[in-house]
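**Q** how would this look folded up:
(one chain, ligands or ions: 1)
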Amino acid sequence: MRSIASRISVMSGEGALSVFARAKELESEGRSIIHLELGEPDFHPGASVIESAVKALSEGKDRYCAVAGVPELREEIASYLKRARNIDISPANIVVAPGCKAALFFAMMALLEPGDEVLYPDPGFPGYPSITLGLGAVPVPFELSPGNRFQPDLSEVADKITRRTRAVILNSPGNPTGTVYTDAVQRAMAELAVKHDLWVLSDEIYARIIYGREYLSMLRYPGMRERTLIIDGFSKSFAMTGWRLGYTVAPPDVVPGLAMMAINSYTCVAEFTQFAAIDALRDREGNTPKMLAEFTQRRDQFVRDLNGIPGFSCQAPEGAFYAWVDIRGTGTSAEEICQILLEDAGVAAIPGAAFGSSGKDFVRFSYASSVANLREAVERIAKVSSAWQRTLVNK
Ligand code: PLP
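**A** Predicted structure coming up:
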């Protein structure tokens, strides 16, 4: 009998994409929608990046190329990581992939056996448990709670480590909470990983979008070199979401496994985009710092304005570009709030449960949108907030 593999039914989609689909539907009916659901910078790469892509194409760089990425890009990534994160990496330890999600997927596929347990942050990026389940492994959430300022609780993590635990996924700055893990938390996580001989998957995709502090990569802690895979790329820090460019920094014994995954799936990443990515990393026009300055201003304004909405409470994120709003004070569920916001106010946001059960009392707004849009969104939200204020009065 013909059937679809069971792994498909255990995997899940992304809340952001389904809200986006409904928002688009409303737009096609003529409604005005402010899109705060997707994690996509409203910037584009600078002119020099586009020129490099065009130049590479006109030079015929549109062929199959090196499986792990063109040597020029791998060298540039190594010097970028030295400059931006003070970590010494050999280009031989870098494998380029079509996006961070693909890098994460193949890294997990290269490391996990069915039945292995994988610790991951909840709330967190939906791909972590979904990919784990798809590989027949077991996702084990550790909670990021508002009471702990969304930092991992180390005793909870330690208690959840068993003989089957194979890997721990870390994401700092984190989606959706915007938390930057403290030095002490990262150090203790590193110690746990060494003690229990775990792989560490450090999703550092938001490393450059961090407000007023130095970024500490997991690779900087003792014992991490031989067990840490950094997942990073160009989608967020260089506003290149649609280019599908990411990379993994892996220990030498893992690199052949990642190359094997590449050979058996995407073969190589488009050559001309890799040459343009070199320019993005050099960032002669200062696009990333400019974008960060803009995000800083929006964060300050948007978080202050959201805290003025009855029943909303939002801690200022330390990194990334999401406002993670605690809506317990509204007396209404996050799903109902998001429905009111989208259907009645034309503001698209995501109910927190899309990021795991610990997110159920939260709503995520992306502030990768203009200051004017963010102002108007808050005005629209204020207008419809009477809906949950009535609920509170009636309770
Ligand atoms: N990891 C995290 C934490 C993310 O938030 C995202 C995108 O939203 C990704 C990975 C995927 O990145 P990419 O678009 O490069 O595949």
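
**Q** tell me how many other residues surround Leu192.
**A** 18 (other CB atoms under 10 Å). Yep, even glycine has a C-beta here, placed from its N, CA and C like the rest.

**Q** which residues does it contact?
**A** Contacts for Leu192 (CB atoms under 8 Å, 6 or more residues apart in numbering) come out as Leu154, Val157, Ala158, Ile161, Val168, Leu198.

**Q** which SS class is it?
**A** helix (DSSP: H, G, I helix; E, B strand; the rest coil).

**Q** ok, it to the ligand distance?
**A** Applying CB to the nearest ligand atom, to the nearest Å, the value for Leu192 to the ligand is 21 Å.

**Q** can you pull out the low-pLDDT segments for the stretch 51-200 of the chain?
**A** Low-confidence segments of the stretch 51-200 of the chain (pLDDT under 70): none present.

**Q** right, and Ala259 touches Ala92 too?
**A** No - look at Ala259 against Ala92 with CB atoms under 8 Å: they stay out of range, at 10.9 Å.

**Q** which one's more surrounded, the two?
**A** Counting neighbours by other CB under 10 Å for Ala259 and for Ala92 shows that Ala259 has the greater number, 17 against 13.

**Q** what helix or strand is the more buried one located in?
**A** Counting by DSSP states H and E, the element that carries Ala259 is helix 255-263.

**Q** from the contacts of Leu192, which ones fall inside helices?
**A** Those of the contacts of Leu192 mapping onto helices are Leu154, Val157, Ala158, per DSSP state H.

**Q** out of these, which comes closest to the ligand?
**A** For these, the residue nearest the ligand by CB to the nearest ligand atom is Val157; the value is 18.4 Å.

**Q** which parts of the stretch 251-395 of the chain are strands?
**A** Here the stretch 251-395 of the chain has its strands, by DSSP state E, counting those that start in this stretch, at 313-314, 322-326, 347-348, 350-351, 362-366.

**Q** reformat the ones you listed as JSON lines; add distance to the ligand, mean neighbour count and mean pLDDT.
**A** What follows is these, written out as JSON lines (distance: least, CB to the nearest ligand atom, whole Å; neighbours: other CB atoms under 10 Å; pLDDT from 0 to 100):
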{"stretch": "strand 313-314", "distance to the ligand": "19", "mean neighbour count": "18", "mean pLDDT": "97"}
{"stretch": "strand 322-326", "distance to the ligand": "9", "mean neighbour count": "24", "mean pLDDT": "98"}
{"stretch": "strand 347-348", "distance to the ligand": "15", "mean neighbour count": "26", "mean pLDDT": "97"}
{"stretch": "strand 350-351", "distance to the ligand": "11", "mean neighbour count": "26", "mean pLDDT": "96"}
{"stretch": "strand 362-366", "distance to the ligand": "9", "mean neighbour count": "27", "mean pLDDT": "98"}
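
**Q** my guess is Glu156 contacts Glu143. True?
**A** Yes - proximity of Glu156 to Glu143 meets the contact threshold set by CB under 8 Å, at 6.5 Å.

**Q** the longest helix seen in the chain vs strand 322-326, what angle?
**A** Using DSSP H, we find that the single longest helix of the chain is helix 287-306. Interaxial angle, helix 287-306 versus strand 322-326 (axes from the mean of the first three to the mean of the last three CA atoms, to 10 degrees): 20 degrees.

**Q** mind listing residues that contact helix 287-306?
**A** By CB under 8 Å, 6+ apart, helix 287-306 touches 41, 43, 45-46, 208-212, 237-239, 280, 283, 312, 314-317, 321, 323, 325, 365, 367-369, 371, 374-375, 378, 381.

**Q** at 6 Å instead, please
**A** 43, 46, 208, 211, 237, 312, 314, 316, 321, 323, 325, 367, 374, 378 (CB atoms under 6 Å, 6 or more residues apart in numbering).

**Q** doesn't Leu119 make contact with Val140?
**A** Yes - taking CB atoms under 6 Å as the definition, Val140 is a contact partner of Leu119 at 5.1 Å.

**Q** which residues in this structure form helices?
**A** For the chain, applying DSSP H gives helices covering 6-10, 15-28, 47-58, 71-85, 100-111, 127-134, 154-160, 183-195, 255-263, 271-282, 287-306, 334-339, 371-384, 386-394.

**Q** now render those helices as CSV, adding distance to Ser217.
**A** Below are those laid out as CSV (distance: least, CB to CB, whole Å):
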stretch, distance to Ser217
helix 6-10, 32
helix 15-28, 26
helix 47-58, 24
helix 71-85, 5
helix 100-111, 15
helix 127-134, 19
helix 154-160, 19
helix 183-195, 9
helix 255-263, 18
helix 271-282, 16
helix 287-306, 17
helix 334-339, 33
helix 371-384, 31
helix 386-394, 41
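
**Q** and of the strands of the stretch 251-395 of the chain, who's closest to Thr267?
**A** strand 362-366 (32.7 Å; CB to CB).

**Q** how far off centre is the closest one?
**A** 14 Å (CA atoms, centre = their mean, to the nearest Å).

**Q** in terms of secondary structure, what does it contact?
**A** Judged by 3 or more CB pairs under 6 Å, 6 or more residues apart in numbering; DSSP states H and E, strand 362-366 is in contact with strand 322-326.

**Q** quick check, central residue of the protein?
**A** Geometric centre of the chain, nearest residue: Asn175, 5.0 Å, by CA atoms, centre = their mean.
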